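Pasting the sequence and the predicted model now:
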Amino acid sequence: MMKDLKIKISLLSDLAQVPEYSTAHSSGMDLKAAIRKPLKIKPGQICLAPTGLALEIPPGYEGQVRPRSGLAIKHGISIVNAPGTIDADYRGEVGVILINLGKKDFVIQPGDRIAQLVIAPVVKAKLVKAKSLNNTKRGKGGFGHTGVGKTSPHPSPIGRGRKGAAGG
């Protein structure tokens, strides 16, 4: 078993709740909405849901704010910038940028679980300029290139004919 990482947390609101792991093997802690009244998100709407929390994440780590699978499958609720990143030097309130991808209004009640917080190590990379890169079987294929036959049932205009387009 790994040693626990200690992270300082500040409750910025009387509505804030300290995140907890739901089970012994959960990867993410539940983030809850620190709101006084219900918050309605209409289909297609984006909103910033406050948590009332600020964190002091140690250098070498980050916080990842991820969608809750139950909200996604049942209601189409996701996070626009998933996963959202909380950098080690950020000390402001943790907010969750939610979007309703469903077909019905969704209402967040005070204290509802709205996202997951995963603490993860960060690897710093040093980028080195090179005139050429090693070849691979995949090569420059991107945006659904791997595992797709000659014709895709879902054609997409993204990246077509663009040199240097990235994707995975």
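Nice, thanks for sending it over. Numbering: from 1, shown residues only.

Please spell out which residues along the lengthiest strand in the chain are buried.
Longest strand in the chain by number of residues (criterion: DSSP state E): strand 113-121. Within strand 113-121, the residues that qualify as buried are 113, 114, 115, 116, 117, 119, counting by 16 or more other C-beta atoms under 10 Å. From N, CA and C alone the C-beta is placed, and that goes for glycine too.

pLDDT of it, averaged?
Averaged across strand 113-121, the pLDDT comes to 98.

Can you read off the pLDDT for residue 138?
84.

Mind jotting down where the strands sit in this protein?
Using DSSP E, the strands found in the chain span residues 8-11, 20-21, 29-32, 39-41, 46-50, 53-56, 61-66, 77-79, 84-86, 95-100, 106-108, 113-121.

Please enumerate residues in contact with the third one?
Going back to what we said before, that points to strand 29-32. Residues from elsewhere that reach strand 29-32 (C-beta atoms under 8 Å, 6 or more residues apart in numbering): 17, 19-22, 51, 53, 65, 68, 94, 96, 111-118.

circling back: need the buried residues of strand 113-121 in a markdown table with distance to residue 105, can you?
Formatted as a markdown table, the buried residues of strand 113-121 follow (distance: C-beta to C-beta, whole Å):
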| residue | distance to residue 105 |
| --- | --- |
| 113 | 19 |
| 114 | 16 |
| 115 | 19 |
| 116 | 23 |
| 117 | 26 |
| 119 | 33 |
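
Redo the strands of the chain as CSV? Include distance to residue 137.
Formatted as CSV, these follow (distance: least, C-beta to C-beta, whole Å):
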stretch, distance to residue 137
strand 8-11, 46
strand 20-21, 40
strand 29-32, 39
strand 39-41, 43
strand 46-50, 39
strand 53-56, 42
strand 61-66, 31
strand 77-79, 33
strand 84-86, 32
strand 95-100, 36
strand 106-108, 43
strand 113-121, 29
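
Please report how far residue 86 lies from residue 10.
13 Å (C-beta to C-beta, to the nearest Å).

Name the residue in the two with the higher neighbour count.
The residue with more neighbours, out of residue 86 and residue 10, is residue 86; 21 against 12, by other C-beta atoms under 10 Å.

List the residues that contact residue 108.
Applying C-beta under 8 Å, 6+ apart, the residues contacting residue 108 are 33, 35, 38, 39, 40, 41, 49, 98, 114.
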